[in-house]
Each structure stands twice: as C-alpha cells, then as structure tokens.
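**Q** Below are the sequence and a predicted model for it; my questions follow.
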Amino acid sequence: MTYAYYPGCSLKGTAIDYHTSAMALAERLGIELKEMEDWVCCGASPIHQRNPALASGVANLLLSLSKGISPQVAVLCAACYHNMKKAEVEMREDGKKRSEVEEISGIAFDPEVRTRHFLDILDKDYGLNALKEKVVKPLSDLRVACYYGCLLSRPPEIAFDDPEQPTIMERLLEAAGAETVSWSHRMECCGASHAVPLTHAVLRLVNDILQSARAAGAEVIACACPLCQANLDMRQAGILTKFGVAHNLPVVYFTQLLGLACGATGKEVMIEKGMVSAAPMLRAKNLL
Amino acid sequence: MEESHGTEAGTERVDQETTATSWEPRIVAFICNWCTYTGADLAGTSRMKYPPYVRVIKIPCTGRFDPLFMIKAFERGADGVLVSGCHPGDCHYTAGNYNARRKYTVFKDLLATLGIDMDRVRFSWISASEGGKWVDTIKHFTEVIRGKGPFREYREMIDVG
Amino acid sequence: MSKIGVFVCHCGENISRTVDCERVARASEQIRGVAFATDYKYMCSDPGQALIKKAIREYELDGVVVSSCSPHMHEKTFRKAVEEAGLNPFLCEMANIREHCSWVHEKEETTTRKAIELVRLMVEKVKRNVALEPIRVNVTKRALVIGGGVGGIQAALDIADGGHEVILVEKDPSVGGHMAQLSETFPTLDCSQCILTPKMVDVGSHPNIKLYTYSEVEKIEGFVGNFKVTIKKKARSVDIDKCTGCGECQLKCPSKKIPSEFDRGLKNRTAIYIPFPQAVPARPVIDREHCIYFTKGKCKACQKVCPAGAIDYEQTDEYVEEEVGGIVVATGFDLYTVGEQGPYPDYRGYGEYGYGEDPDIIDGLQFERLASASGPTGGAILRPSDGKEPKSVVFLKCIGSRHPSKGIEFCSKICCMYTAKHTMLYKHKVHDGTAYVFYMDIRSPGKGYDEFVRRAIEEDGAVYLRGRVSRIYRSGDHLIVKGADTLSGAAVEIEADMVVLATAVMPQPGIEGLFQKLGISYDQYKFANEAHPKLRPVECATAGIFLAGACQGPKDIPETVAQASGAASKVQILFSRDEMLREPVVAKVNENTCIACWYCLEVCPFKAITQKEIRDRKGNLIKRVAEVNPSVCTGCGTCAATCFSNSIDLAGFTDEQIYSEINALMAVGQDLFPEPGKEEGESPDEQAA
Amino acid sequence: MSDRTEGIREIARKWLGDGTVEAVVGWEQGTYKDKTSPVLIRTPEEADRLLFNERCTNNLMTYLKREPVRGMEKVGIVAKGCDIKALIGLLQESQVEREKVKVIAVTCPGVKKDDGTVPVKCRACDVNTPTFYDEIVGEKVDSSPEPGARFEGLEALDAMTPAERFRFWRGELDKCIRCYACRQVCPLCICSRCIAEKNQPQWVETSPHPRGNFSWNLVRAYHLAGRCVECEACETACPVNIPLMLLNRAMARTVKGAFDYEAGKDPETQPPLRAFNLDDDNSFIL
C-alpha cells in the first residue's frame, strides 16, 4: 500500500504533530506515505475566491506530482483535501472546465488520479478489521468527541462519508478501543477563517463547541484538520478571559490517538505539543 | 407474395441529366410511429418548412430498428441515415427505445471503427410534441450532408465491377 | 404480379397546392404491380371511398395505397373502406404526402417527386403485406385489486357495485392503509376514520368482494382478460371464521411491549393483536416474531382464553389461485427513511436531525397518531419523551423531497398541505403554543387548498420561515433547531419542545418486486409508470393493468379516490365485452431457425415471449424455441430487431416489407444501382435512355 | 507441461471409464511437430492421445455447437481459462447445459501462435488459472495482464481519420472471399441459419463483392459485440489475413466503456444487447 503523500504547508509548520503522528501511524500499519517532490501550497483558502480556475490549476499541478508514486494521493488537511478533490471531480466530469484548467496549469489532467483523505484510506482501503488487529494498546476508558468541523465532509460531491452525519472518525477510534460520545456540535464551524479579523466571534463559536463536547462527557476532542485543531486548542485561554470558562479540554489529531493505540510512543506522535496538553490525562489512563 | 426484390422504380422520367450537376442529398429516416412520426405530422399541421430530401420509413418503435436497415440504406445510396424515436421514459412500449439505445451505442462505434463518417449517421429522440425539433433536425442534417456531398467512399465501393 | 391500386388525394388544395397530384397518379401507374391509379379531390369523403371500393372490385385489387394524409389521421377510415369492399384491411397502407410532404415543402419539382417516391415506397411495402386477422381474446370478468388502502377500497367497491367480482388483496391484517392512521383531513378538517371506516366495512361485507387480508400476490401469469394470480395467505395463526373478534386474547397476551405499526411506535401492542379497533376484518393475528409461544415454545395464553377455539398455532402459509381479467394496482406509499436504519438503503436519510435517537423528533404520520382521537394520547398533543404538552413545535418540510443530495428530486406534493393542517391541529389544541414551519416553497394548488394554508398562517398564527434546517440537537429540556430564514437573511435558532419532519412520500419498500411480477415499469424511485403521462394516466403500458393512488407518485386522498374510480371504470370497460379484439401487429417466431438463445425473451417489454418445447410423437424433446403469445404482444418489434438470425418477425413491419421500402427509396431517375444481381439494365436511367 | 498432459489423461481415462462422459474433446499431437489438432476421445484407452502444450492455441469450445458433440448427453472438454470464457458465453445464451459439459481446466502460462509469437490473448490474459471448471490440472499460474496489450492494436486505427480508416478497411475487406471460416470456427457464432444465408430478404449480399464483404464483416462484428471472448480463432482461420480481431476488440472496448461489461466473465450476467440500464449513455442521441 503506497500512496503519494501531499502534506500541505500546515503539516510542515503549525500542524507538524499531525504530520509526525500520521507518519508514525502509517508506519505501524504498513502503509507507505511517500511524499511527493516539489509540492507547493494548495492555495487554501484565498485563491479559490479570487480565481477558481487558478485554484484548480494549482490542484492539477499537485495531482500531477503523484506520477511515478501512485495515482492515489493521500491528504491529511481538510482544506487541502477540499481544494484538490473538488478540482479533481470537476475536471473529470466537466470537459470544458478540464481544458480550461489544463491550459492554465499547462499540465494534462490524469483521470486516473484520486485525492484521498487519510481517514478514507484507513476506512476503505485498510479496513477497520485490519486496524483492530494492529491495536496493541486499546484506548479503553477514553471518551472522545470526534469533531469534523464544517469542511471535512462537505459538499456532498466530494464527501467520503455521509456529508451531514459522518461517522468515519467514530468508527476508526472505536476500532482502536475508544468510547466516542454523541454530541451536537461535531459539524459546527470553528470560525477558523475569522480567527484574525473577528476573534470575538471565533471565541463564541469555539466556546459553544467545547461546551457541547464537555456536556457530552468528552475527555478529549479528536479532529482531522490543522485549522480546527489550532483554533479549538489555542482559543481556550481567550475563552477563559472572555467568558470565564476554563474548558481545559485537550484537542488532538485522530492520528495521534490511533498512533498511540497502535504502539507509537507519545514522542512519536508529539502528544505534548498541544497548548492544552493531553498528556496528563492519557498518562492517568495508562495510555502513555 | 412472389415479387422479387428488384428495383421496380416508377418510370417517371424527369431527371435525364441526373447526378453530377443536380446532386440532391438522400437522407433516410427510420422513425417510430408514436413519437417522431407524430412529431413530423405536427410539423406538417403547423406548416413548418424543411428541405424535401428526407425519406421516412415508419417503424413501430425504435426497438424495431435493426442496424441492418442502416447498412442497407447506405448500400442503396443513402448519404445520411437518421434514426429517431421517443425520448427515454416516453416509449409507447415502455422500453423499446432503451434496447435501441444499446444497439446504437454498439453499432455507431462499429461504423466509426470501419471509417464511416459519423456525420452521416444521426440518432435523435423527437417526441410527438416536437414538430420544431423534427424540422430543425432535418434542416441541420440536410445542411451537413449537403456540405459533405455524396457519400462517395461508400458509392465507390458499391460500384466496383 | 400484384394488383395494387393507388389513390392520390388532393385534400382540397392542401396537397394539390404544392404537389402535382395528377402527375403522382400517372407516375404511380408506371410502377410495376400497380393495376390502377387515380387522383381525387377528397379521398376520405363518401364519393372518394366509393371510388376506392369500386376500383377494388373492378380491378380485383389485392392491395391499396391511399396517398393522402398521415395514417394517424385516416388509416382507420381507409382500412374500413377497403374491408367493406371485401379486401383484408391490412392490405391497405397510406403514403403520407400531406403532413410529410405538401405541407412542409414549397411548390417545386422536388416536392412532387418526393410524393411519387413516397407512393412507390408504400407500393413496394403493400406488395408484401399479407392479410391479417384481428386477435380475439376472452375476458374473465373478475378483477384483482392489490392494496387495501383508500385507493384499493374505492376501486374494489366501484367494480363490485358495477356487478363484477373483485379479489382484494391486502398485505396487512386489516384494510384501511395510511388513511386509517390520519387524524383529520385537509382542507375540511373532517375526521379521516369517520369517512373511511364505513367504506372499510362495505368492502368487508360486499357480496361481490372476496377479501384476502394478511396476504400477498405471489405470482402472476397470463395477459389481459386472462390473468392467473397466485395469492399467498400468510399464516395468521387465527381461524378467522371461528374467531368472533371479542379481543380476550389481546387482553391476556403477556407479550405487551411491541411497538405498534399502526401507531408508528408511539404505543405498544401485544403479540396477538387486532391492529386497530375499527380493523376490517376485526380479527387478530399472531405476530410470530414476538409471540412467546413461537419464540420460546410455551405460553398459549391466547388459546386458553379464546372462547371460540380459534387460535391455530399450526397454521401455515396457504397459496390460492384466482383467475381475473383486469388488475388494479393500489399499493400506496410509505415515508422516506429519516433515521439511520430504514427500508430504503439507497437513501442517506437525515442522521443530522436525530430522528430515531430523540423521541421528540417525529415524522408526519406519527403526528397524525398524536393528533388522532383514537391515538395513543387520545388526541392530546403530548410529546413522546415525557408526555408534556409542547409549547413550541417546529415543523420541517421537504425532508427528503426536493433534495437531490439526499437522493430525491421530486416534490412529495402532500406535505405543504398536511403541515399546514398539523399547525392548525396543534394550535387548536395548544392555544398558547407556537408552531414554526421551515419551508422551501408553499405548494397548495387544489380546491380550497391555498385558502387553507392562508388560514393556518393568518388565523392560527403558524410562523412560516423560508429556509432549511442544518441541525437539531438536544439542549436540556429543549431541542435546538438551527436553521436559516432566507427572507430576513438571518440564521435562526429555535428552542423547540417537539420537531415534526414532513418526510418524502416514497413507494412501498421493495414494491418493485411486485411490479416485476406484473410486468409493469417503474421509475428510478420505484413509482409505477403510467402508459402515457397525459392521456393514459390510469393505464399501465401492459394491457389490463391499471393504477390507483400513490403507487404511481405522491397523491392526496381525493386524487387517489378519483384515480381509483377511473381505474375501476377502465376495468369495467374491459369487462363490457365477452371477448376483445386486438390489432394483429404481433411478432412471430420461425421455429426452424430459432436457436433458443432467449434474447427476444429478455428484451420483450411485455413478457410476451415464452419458451416452448417441441417434441416428437413419443414425447422426446427435439428442441426448444421461443414462442410469442399474440394476446400479450403489443407489436413493438424489439425482439425482431434483436434476433441475430432474424428468426422472429413482426407482422405489418416485416423484414421483407422494410427491406422493400429501403430498396424503393432512391429518387426517381437517381437510382444508380439496381439491386445487385437482379434486373440489371433496368435502372431508370437506362430505361430513360 | 507434461504433468498437465498426464493430469488431463488421467481425468479423461477416469471419466470415460466410469461413464461420466461419452467423449472428451481435447488436443492431440498434430501432423507437424509444432502443431496440435483437436481430437474427440471416446474410450479410456485413447486417452493417452490427449496432451497439453504451448501449441494448444485453439479454442475447442466451438465443437460444443457442432455434431456429434452437440448431440451427446455428457461430454468432457479440455479448456484453458480463455476457452472457458466461450463456455460461459454459451451458458448465458442457453446453448449448452452446464450439467452436460464437464470441464477439465488447465492452468496455462500462455500459448504460441503458429509462427511462434505470443498471441495478444495471452499477453492480456487474466485467467491463466481458470476459476470455472469441474476438474483442474496444472499448478497455479498467476495472471499479470500486460497493461494496454488488449487494445494496443486499436491505437493505430484510432489515430487515422475516418477516410483513412475506411480506406484501410476497404483494403482489408475487399480481400474477403466469403469462405465464412471466421464464422465456422467462432465458438459464439451459434445461429443455425446465419443471417448471411437468409434470402427472404437478402440483407447481406452473398457474392464476394466489396459491398457484400463490407456488410458481412460489419454484421459479423456487430453480432459478436459483447459476446466475443477474444479467442482469436476467426483471425487465425482467415485465409486472407483480415485483422478481424481489430473489429472484435473495438467492440469489446465499446462494451466495456459503455456498459462496463466483459464477455465470458460471469454466467449469471446478461449480455449487453439483451439488457439495458435506464442511465445508459444518452449523450450521442440528439
């Protein structure tokens, strides 16, 4: 199982823990994520608002880099996935758009190529049963709130699960022994794109999400998007100041939890990186 | 009936000069009784005008269309062949047109593989209410065939020896 | 040599204005095999027809081409005329020189030439026409009605009142269908059960109606006028002839916690049960899946208390055969699945709305039960979770319907009306409550319908918000409904005590199995298809089968009843004759060359082709061949075009006829190539020279 | 290969001995060293004539449609994976009954044509180890179909203009002498009276004139669309070397692309011209 891996810029910066833990998990599972060469930023999120054709052109360029590795392109970031998958589907289905994009990027589109989110790869290609077999340290007694945010499963044309009621993360984490909670705000927007210009709005949105997760009894939030993670994790201090609520709820990537379950060390999955560290809680449960 | 299949042409002697100078496109249309034939009737009752080079052969349903008909039409000198019936979902016999569509799909690719100019073959769905579409289709097809001229390649083959 | 007559009509000036009709007649005379040709001003007039008849007798014609208007116009007229002159009507064909020629072309040489060619083409066809006899089919004057909802009930009663026997098959233990579940009906707000139950009783007691409840159609053979139906009577475990319907068994049954289908899970029932008090027949049935005796092997409480000794645990499914001439399909609808587990696995549902997880999120039929006087709350609007009166109820329309990303594009048609009705019923019972409605559009065409919706809004104060809801979740005692009000452009959050989802109207799950048995077509959603969307909305394309109600598409009660009466009328038209005549345009198999590959059998849209065994005198199988049932065949010719060895042909459109038409096609004087190998040197060019 | 030969003989001996079958159709050594011939074995003693080697190129399934094999109650037949595709086609079209035919499948690493080259069917083979049989001999051979091999001949054809293609086919089809060898060897040309021999009406002209040749070859390819299992028997049999497989493969490509169907894969599926989907391609119909 070899995939052409596109990290995207966040995964090499703020979300290095996502990248590192995904690599550690993949290694444990025997999945090869081979990083494509010479990749560039996918352009999320301003480019597709300014020039949609150019955004698709960038995606086409990125998809073309998979040549020689695999037509299956593994992506971790929800925004990268969105941009690339959307362009891919459009190009496959709309000949006119395809020629426009091919012209702008100067690259012929390969209809065989497929953008795949790592969640989807684990679920469909690898399979829950195979994953279960690799679990050496079940996440027992850990109550996780799986957070999808607004982008990961939408719109329906590019969804790899029910776009309004996805369960893919729950299924994976339950396969690793965790208990997942049913909660209301799993699909709400965290307001990431407003983080700078409208911080107060974001604080409210994030507060609602964290509130809801805690009310459902979650001990940790798992997510699959660098911006969601950053926002939910980093805003907790601001929320304390503004609303006087101390959530103290760790927000981690699903790859970190799955990595631990499959025997990676805390260091390998960079579990200590979060602002609200998950380490003490996990240690208490003997998962570290 | 003991008639032979020979050409028993009327001896209306009108066209002494024939072909070279006064070539007229020959278009054969196999159309279904319920939709396209009735659509063509509607074009008539609405007094729409279209070029007079199309010859209609009525079949009950496009399901009755056997690709042999098309080959025979070309063999008899057709410059273009149209097959038209009810839109998907409208077939008087519920599914004749769906079966026909499969035949078209296969047969058109075969013709293309053999080098038949696919501009000379046309498939359409024309409903009983689409008199205008019938007229447009015939107009356009006639123009295309006019532009292409006689189907010389096929005729040369027929005329060998 | 054929003796064909050609009759060229001027149609007043309709044809002669652009076509030189006289020349067409003269030219026709020259076509080999034409014995007589003439032109006349109005061929369809009495003198015109007389002219044809006279010529047939005088020239002993064996074929006729009337060169005039479209066959759709006058084919019947001329065939009748020909028949009156002693010729088989199928030896008459029409060359359409009006709609396809004179009316669509200018007055030019080419137009007259085209007319001549069209005549020639038909002459060549008629030469190969053969006399055909109409097919006579006996009619069994009994009808089968499938489905005992209001549509099936109406159709059965109408046919039975017309004096014919009816077999009514209902899959559930009682007739009544969904209408029996409704509280009040729009736009009059009269009580649904009050108007339906008398009809149910009629159906149960009508001398012409044989009722099979808890039964399903297992198999259908035959064709219009002559269907043979096998009905599976599911084991009821109760002898309904002995049973008096006293209900003792229900009271004593220890298995009491089974969600009631009739009350859509809002109330429980016992394992032996009469689905609802007004059921017809008012006889119980044992639900073997839940019965303690059937699951654990002991109990027999019902048998012990039954005073009539009607409980029969040994009963098995029984199969009965009935012969009928016509069939009405009235299988009705079910609702779109909103929870994760539903009967429509192809559709995604609305997990995000929490249906099935939160008891206070219900669908429209559940609300009907809540509002019904015979319902679980006795008609009080109380929310299922704790029995409190909800002070704020949010109604969501278009759940499933008009939502392509959930798999459905159509409009369910009845939800706008019943939601308006729901808001009224709610407001009439909870005066201080608020009813919110999220809608996309309000569709209320129909007599008194729009007025009804306006009343809900204006008099009863339902709050209509134009927009959709993204999510519903519980927050303490309330449900938070997050949606958009697109008219004000605001995102709205409503604290609701109860949410009602107006889910899409779908065909009964798995109904395509029945449709396939019947040989009728259905659309992508599995709604049955009518023969023609405008002009034959009650018939199926398969002769003798008619549609009533929501099995065809979403319909409300009056539409269903009207269509049911229409279907009943169609059945009675069918039954008005002892035998039927059918056009003999049917397929026929050449048994010598048929190789039994069964392509024809598979492509036939009407299941008119079956396998036939040819045996020698000793009974040894020689070969199998395809056989066409001429009573079922409708003459589409798909089989003929599919057969590789052309071992099946279609009367009226035979290979020979079409071949001859193609051969005759080439323009006069342009015929460069005579038929290869035959009559060389006879091409018109050379003749001309 | 010799163990396969022995395996075949053993099963044939057993079946003929205990009356499981009346006869076994297989290959035997041909007159020339590099050739094999079809043979009908009727007694256990004769079974030693059977063999399998890389020259067992012919598809024996065509004998199922001919006498005397056709009339037999039970017959054994030796078949490679590719040959079995033809059997599946015949089963789909009810031309043979499964119970009447006992298949001795041989795993096959590939065969050679008379000129020693590897046929396309072997390069594109995905059934080196058959999956549909009564008995199987030979050790498992993994399939690794050469990507693109199946349709590689079509590339040159695709690259031509229609006029060039027409000229190309004129050149090829004018050669046709209407011997119908292509039809006779084809295991799936099953009609008892071929359309080419019907004369009421005569859709296909019988003399070897270009116009009739064109119609005949066109009709032949059309009637095999979605049914041809690409055994290459027709092309091999053609005495004037018409590249018939180009037409057959073009049809196979169409059927695969349009209906996602491959002939000879699954006896339970419907051949494409015997079925339809509501959402079949409609784009070319105006």
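**A** Cool, the structure landed.

**Q** CA atoms for contacts and neighbours, from now on please.
**A** Fine.

**Q** Let me know the pLDDT of the residue nearest to A:P138 when sequence neighbours are not counted.
**A** Distances taken as C-alpha to C-alpha, 6 or more residues apart in numbering or on different chains place A:G177 nearest to A:P138, at 4.7 Å, with adjacent residues excluded. A:G177 is assigned 96 on the pLDDT scale.

**Q** my guess is A:G177 meets A:L139, correct?
**A** Yes: assessed by C-alpha atoms under 8 Å, A:G177 is found in contact with A:L139 at 4.7 Å.

**Q** Those two: which has the busier surroundings?
**A** It is A:L139, of A:G177 and A:L139, that has more neighbours when counted by other C-alpha atoms under 10 Å in any protein chain shown, with 25 against 20.

**Q** My reading is that that one is in a strand; is that accurate?
**A** No: A:L139 is assigned coil when assessed by DSSP: H, G, I helix; E, B strand; the rest coil, not a strand.

**Q** for A:A216, what are its contacts?
**A** A:V181, A:S182, A:W183 (C-alpha atoms under 8 Å, 6 or more residues apart in numbering or on different chains).

**Q** Show the pLDDT at residue 13.
**A** No chain specified, so I'll use chain A. So A:G13 comes in at 91 (pLDDT).

**Q** ah, no, chain C please
**A** 93.

**Q** And it, how close does it get to C:Y42?
**A** Going from C:E13 to C:Y42 by C-alpha to C-alpha, to the nearest Å gives 10 Å.

**Q** any chance you could map the strands in chain B?
**A** Secondary structure of chain B (DSSP state E): strands located at B:27-32, B:54-59, B:80-85, B:121-125.

**Q** Rebuild these as a markdown table, extending it with distance to D:G212.
**A** Output for those, formatted as a markdown table (distance: least, C-alpha to C-alpha, whole Å):
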| stretch | distance to D:G212 |
| --- | --- |
| strand B:27-32 | 20 |
| strand B:54-59 | 23 |
| strand B:80-85 | 19 |
| strand B:121-125 | 20 |
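
**Q** for the stretch 1-150 of chain A, what spans make up the helices?
**A** A:16-29, A:47-50, A:52-64, A:78-93, A:95-105, A:118-120, A:128-134 (DSSP state H, counting those that start in this stretch).

**Q** mean pLDDT for the ones you listed: which is lowest?
**A** Sorting the helices of the stretch 1-150 of chain A by mean pLDDT places helix A:47-50 lowest, at a mean of 81.

**Q** what's next to that one, contact-wise?
**A** A:L54, A:A55, A:S56.

**Q** So which residue is dead centre in the chain?
**A** I'll assume chain A. The centroid of chain A falls nearest to A:A224 when counting by C-alpha atoms, centre = their mean (2.4 Å).

**Q** wait, I meant chain D there
**A** Centroid-nearest residue in chain D, with C-alpha atoms, centre = their mean: D:C231, separated by 3.6 Å.

**Q** How is that residue assigned, secondary-structure-wise?
**A** coil.

**Q** Relative to D:L91, how far out is it?
**A** In this view, D:C231 and D:L91 are 17 Å apart by C-alpha to C-alpha.

**Q** do C:G519 as well
**A** On the measure of C-alpha to C-alpha, C:G519 and D:L91 end up 25 Å apart.

**Q** same question, A:A213
**A** A:A213 is 60 Å from D:L91, by C-alpha to C-alpha.

**Q** what about the residue nearest to C:I209 when sequence neighbours are not counted, how many neighbours?
**A** The shortest distance from C:I209 to any non-neighbouring residue, by C-alpha to C-alpha, 6+ apart, is to C:V166 (4.8 Å). By other C-alpha under 10 Å, 28 other residues sit near C:V166.

**Q** Same question for B:Y104.
**A** If you count neighbours by other C-alpha under 10 Å, B:Y104 ends up with 20.

**Q** again with A:P197
**A** Neighbour count for A:P197, taken as other C-alpha under 10 Å: 9.

**Q** how about the helices in the stretch 1-150 of chain D?
**A** So, for the stretch 1-150 of chain D - with DSSP H, counting those that start in this stretch - the helices run D:2-17, D:81-92, D:120-123.

**Q** residues in contact with D:N128?
**A** By C-alpha under 8 Å, 6+ apart, the residues touching D:N128 are D:K80, D:G81, D:C82, D:T107, D:C108, D:P109, D:G110, D:K140, D:V141, D:D142, D:S143.

**Q** And the furthest pair within the residues you listed?
**A** D:C82 and D:K140 (14.9 Å; C-alpha to C-alpha).

**Q** Comparing these two, which shows the higher neighbour count?
**A** Using other C-alpha under 10 Å as the criterion, D:C82 and D:K140 rank with D:C82 on top: 23 against 14.

**Q** Please name the nearest non-neighbouring residue to that one.
**A** Nearest one to D:C82, counting by C-alpha to C-alpha, 6+ apart, is D:V127 at 6.4 Å.
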